[in-house]
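Peer 1: sequence and computational prediction follow.
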Amino acid sequence: MRKTHAFLAIVLLAAVGCTLRRSDDDVPVGRPGLSLPILDVTWLTNAGPHEPGAGERWLSKITVDLPVNAPPSVAGSQMVAQWRGVPFPRDEGMIAVPGKVEEVPEEIRVVVGENYFRMNQKQCARLEEVRMIIRDYKPLGTRFTIAADESVRFRRVLPVIAALAQEGAEINFAAPDTFRPGGTEEPDFVEVDVTIKRMAAAAGRDGEGLPLASIRIRAEADVPYGKVLRAMRSAVMARIWRITFCGIIPGRGEVEIGPVYTRPEEPAAAASSPMMEHVVPLETGLETEVIADVIISNEETTVEEAADEEKQKGDEDAISDIPLGGTGTVGVLGIGGGSGGGAFGYRTGGGRKRAVLRGGGSPATEQAVDAALAWLVRNQEEDGRWNAARHGGSGSDAFVTGLATLAFLGAGHTERTGRYKGNVLKAVDWMIKQQDKDGRIGDDGATHAACGTALCEAYGLARNGRTGKAAQAAADYSVNIHQVPYSGYGLQPKQDADTLVTAWFVQQLKAAKVVGLKVPGEGFQGATNWFDKVSVTDPKQDGFGSAGGRPGEAADSLSTAAVLLGRILMGWRTTDSVCVNAAGIVGHTPPAWGDENAGVDFVYWFMASHALFQVGGDSWKQWNDALRRTLPEHQLKTGDEEGSWDPAGTWSAEGGRAGSTALGALSLECYYRYLAMGK
């Protein structure tokens with residue numbers, strides 16, 4: 001396993017209290033006459049503590065003092081058996097979603113002033129009005145963002161945090177301009193940062209590689225809120241996600257906010273890079289750009305290594321000039337840890353449009369995606385599936401349904417948002433109904449992995465608890481029941497591992513990890529072992545970087561692309577010589593639609609497009625020139641099948657027209673479906 005270093009981005013986001021999920025039957029009717037404007041900027045976050053459990057003294061609790069008339073300082077630390085407070089999200093759990101949300105606002109921005117509160121554009125004179133709005137909208141899945149000027153006294157913000165914590169709501173803390181590039185830095189916090197990092201490094205690590213430590217921000221009531229935000233930033237720089245807010249209130253003493261948690265269950269996911277979200281002003285308002293470097297690594301990354309990584313810039317030859325991050329580029333605060341929808345790229349709005357143009361797409365590729373989705377909508381069955389046989393395929397309805405659902409999710413349509421949210425809901429519901437008690441979906445491994453990936457992405461983008469439960473069951477089945485021990489994955493449980501099937505499973509497990517589900521490390525390690533067995537990794541050997549379907553079999557382009565994509569998803573640097581050579585091999589066999597459908601292979605095009613997009617360089621340019629020409633040219637433009645691709649080539653007999661259309665759309669979504677990884 002190649003060592004990958006976590007990329008430390010300084011970000012500012014937090015989520016408060018227990019994330020209490022609801023069933024659809026629990027949705028209350030909103031308060032009559034209450035109408036809140038819908039903002040143009042919304043976030044999806046995965047937040048909240050793990051289930052509490054009994055534990056001994058296990059956590060290093062570090063106290064940061066913020067007096068009004070003196071510099072900040074670290075008061076020391078103590079070992080504790082429980083903590084009270086606010087868990088920062090340990091994931092890349094934010095992604096832009098369409099601003100125009102039907103009926104219910106995705107986000108309510110809580111603006112805190114010295115003499116008022118404002119919920120979106122609704123003025124509130126009293127805190128009780130704020131509480132009423134929280135109680136009405138929190139059960140509907142709305143998230144709340146606290147936005148207060150740095151000069152506002154902490155005593156004004158603290159009750160809002162308390163109200164949100166009491167209701168179990170999710171809360172973002174909007175980043176001030178001083179945290180942005182060119183903003184002023186507060187020199188008083190330099191020593192605090194160094195001390196906290198040192199204490200965090202000495203505290204030990206949890207199962208995610210994050211410090212077994214918490215930060216207790218003890219601030220006098222009249223301290224400017226900006227100081228509190230800066231202390232949160234100190235915590236994130238040290239990769240600490242457990243935060244306690246403690247206000248020193250005249251006449252009341254110390255008041256700590258948030259429920260008390262005893263030791264959480266051991267997190268299963270390995271530490272990933274913190275995400276970065278940057279809010280960019282545009283002429284039409286505000287738009288969210290999510291920037292993340294998602295890395296899976298079985299090796300621990302030290303605080304010092306992470307700090308070094310923060311200074312690195314994106315590769316000038318990368319496929320996109322969207323930055324992977326850099327010192328001081330911040331929009332919101334948060335701790336990375338392997339979950340959330342943010343890794344799912346720029347799937348909506350202007351961010352998607354810019355990603356298409358920067359990544360090498362065109363209006364024609366976007367029109368082709370939209371036309372393909374329209375065909376899939378017209379041909380979806382009433383029960384939510386796509387019928388392979390009805391469209392000329394002999395394969396599984398579940399496999400085709402998984403792929404079609406991924407195509408909708410890739411274009412930003414979720415169970416909650418988007419023009420086709422109803423279609424996504426029906427498809428997800430159908431897949432869940434096909435799931436066996438052991439978590440398996442479908443009759444073979446590739447089908448299970450495709451549906452499992454769709455459930456994970458659906459959960460990451462909409463946070464539907466039922467979907468998340470099914471996605472977790474599917475991931476558990478994949479590793480605990482299906483995987484060949486210490487090796488890859490085949491069509492049937494624990495039998496005959498295969499490179500292409502293993503690549504499908506890696507996509508599923510990566511998606512599960514990104515959205516915060518539990519994925520044992522052996523699920524990835526076994527895939528790594530298999531990829532090594534079927535690949536040429538010695539630079540002195542012919543075909544360096546290539547891969548075959550099984551050990552001893554001749555290398556082929558599809559297997560090489562599948563291994564390349566799997567390795568990138570598992571954290572290999574795209575600049576690694578194995579990846580570069582593999583990309584060169586794949587790039588020399590770009591999409592081509594010859595006479596009598598010669599050269600057509602939709603599965604290969606899907607795998608290779610996503611892999612080469614990540615690598616960039618000449619191989620990607622050569623591939624993309626053919627991709628964006630071939631698929632739009634051969635998409636049907638008229639008749640009942642308008643928007644589809646003929647079921648031609650290697651996989652056509654199994655997937656039929658529905659399968660080829662889903663894979664064609666997915667291939668053209670490579671520009672924005674995943675963020676750049678592994679640079």
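Peer 2: Done, it's in.
Peer 1: kindly tell me how buried residue 81 is, as a neighbour count.
Peer 2: Residues near residue 81, counting by other C-beta atoms under 10 Å, number 12. Where you see a C-beta, it was placed from the backbone N, CA and C, and this is true even at glycine.
Peer 1: what does residue 77 give?
Peer 2: Count around residue 77 with other C-beta under 10 Å applied: 21.
Peer 1: quick check: bridge partners of it?
Peer 2: residue 62 (DSSP bridges).
Peer 1: contacting residues for it?
Peer 2: 60, 61, 62, 63, 199, 203, 213 (C-beta atoms under 8 Å, 6 or more residues apart in numbering).
Peer 1: and which of those is nearest residue 71?
Peer 2: residue 63 (15.0 Å; C-beta to C-beta).
Peer 1: surely that closest one meets residue 218?
Peer 2: Yes. Using C-beta atoms under 8 Å, residue 63 makes contact with residue 218 at a distance of 5.6 Å.
Peer 1: higher neighbour count, these two?
Peer 2: Set residue 63 next to residue 218 and count neighbours by other C-beta under 10 Å: residue 218 wins out with 20 against 17.
Peer 1: tell me the bridge partners for the more buried one.
Peer 2: residue 65, residue 246.
Peer 1: so where does the residue lying farthest from the centre of the chain fall, helix or strand?
Peer 2: Distance from the C-alpha centroid of the chain peaks at residue 251, with 44.4 Å (C-alpha atoms, centre = their mean). Here residue 251 sits in a region with no helix or strand, counting by DSSP states H and E.
Peer 1: again, but for the one 3 residues further on
Peer 2: Residue 254 is part of strand 253-257, with elements assigned from DSSP H and E.
Peer 1: ok, now residue 172?
Peer 2: strand 171-173.
Peer 1: for that strand, the averaged confidence score.
Peer 2: On average, the pLDDT along strand 171-173 is 75.
Peer 1: CA atoms of the helix or strand just after it as PDB?
Peer 2: Downstream of strand 171-173, the next assigned helix or strand under DSSP H and E is helix 190-202. In PDB, the C-alpha atoms belonging to helix 190-202 read as follows (Å, rounded to 0.1, in the frame of the first residue of the first chain):
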ATOM      1  CA  VAL A 190       0.100  31.800  17.100                       C
ATOM      2  CA  GLU A 191       1.200  30.300  20.400                       C
ATOM      3  CA  VAL A 192      -2.200  28.900  21.000                       C
ATOM      4  CA  ASP A 193      -2.100  27.100  17.700                       C
ATOM      5  CA  VAL A 194       1.400  25.600  18.400                       C
ATOM      6  CA  THR A 195       0.400  24.500  21.900                       C
ATOM      7  CA  ILE A 196      -2.900  22.900  20.800                       C
ATOM      8  CA  LYS A 197      -1.100  21.000  18.000                       C
ATOM      9  CA  ARG A 198       1.500  19.700  20.500                       C
ATOM     10  CA  MET A 199      -1.100  18.600  23.000                       C
ATOM     11  CA  ALA A 200      -3.200  17.000  20.200                       C
ATOM     12  CA  ALA A 201      -0.200  15.000  18.900                       C
ATOM     13  CA  ALA A 202       0.400  13.700  22.400                       C
END
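Peer 1: and helix 190-202, what other elements does it pack with?
Peer 2: strand 59-66, strand 73-80, strand 213-220, helix 225-237, helix 303-310 (3 or more C-beta pairs under 8 Å, 6 or more residues apart in numbering; DSSP states H and E).
Peer 1: redo the ones you listed as a markdown table? Include distance to residue 381.
Peer 2: Shown next, in a markdown table, are these (distance: least, C-beta to C-beta, whole Å):
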| stretch | distance to residue 381 |
| --- | --- |
| strand 59-66 | 51 |
| strand 73-80 | 55 |
| strand 213-220 | 50 |
| helix 225-237 | 47 |
| helix 303-310 | 48 |
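Peer 1: tell me which of those sits nearest to residue 109.
Peer 2: The nearest among these, by C-beta to C-beta, is helix 225-237 at 15.4 Å.
Peer 1: helices or strands up against the closest one?
Peer 2: strand 59-66, helix 154-166, helix 190-202, strand 213-220, strand 242-249.
Peer 1: comparing the ones you listed, which comes out most buried?
Peer 2: Neighbour counts (mean count of other C-beta atoms under 10 Å) averaged over each of those peak at strand 213-220, with a mean of 25.
Peer 1: under the pLDDT cut-off, which ranges of this protein? List them.
Peer 2: The model of the chain has pLDDT under 70 over residues 1-57, 83-104, 139-140, 175-186, 207-208, 252, 258-345, 348-351, 676-679.
Peer 1: re earlier: strands paired with the strand holding residue 172, and their directions?
Peer 2: Strand 171-173 has these strand partners (DSSP bridges): strand 143-148 (parallel).
Peer 1: contacting residues around residue 647?
Peer 2: So residue 647 contacts 391, 392, 393, 653, 655, 656, 657, 659, 660 (C-beta under 8 Å, 6+ apart).
Peer 1: save those as TSV, and put in distance to residue 166 and secondary structure too.
Peer 2: As requested, the contacts of residue 647 are exported to TSV (distance: C-beta to C-beta, whole Å; DSSP: H, G, I helix; E, B strand; the rest coil):
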residue	distance to residue 166	secondary structure
391	52	helix
392	57	coil
393	53	coil
653	58	helix
655	51	helix
656	53	helix
657	53	helix
659	49	helix
660	52	helix
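Peer 1: ok, back up a step: residues in contact with the strand holding residue 254?
Peer 2: Residues contacting strand 253-257 (C-beta under 8 Å, 6+ apart): 84-86, 158, 161-162, 165, 216, 218, 244-249.
Peer 1: how far is the strand holding residue 172 from where the chain is centred?
Peer 2: Centre-to-centre, strand 171-173 and its host chain are 18 Å apart (C-alpha atoms, centre = their mean, to the nearest Å).
Peer 1: re the thing from before, out of the helices and strands packed on helix 190-202, which gets nearest to residue 123?
Peer 2: Nearest to residue 123, of all the helices and strands packed on helix 190-202, is helix 225-237, at 19.7 Å by C-beta to C-beta.
Peer 1: which positions in the closest one come out as buried?
Peer 2: Buried residues in helix 225-237, defined by neighbour count with 16 or more other C-beta atoms under 10 Å: 225-237.
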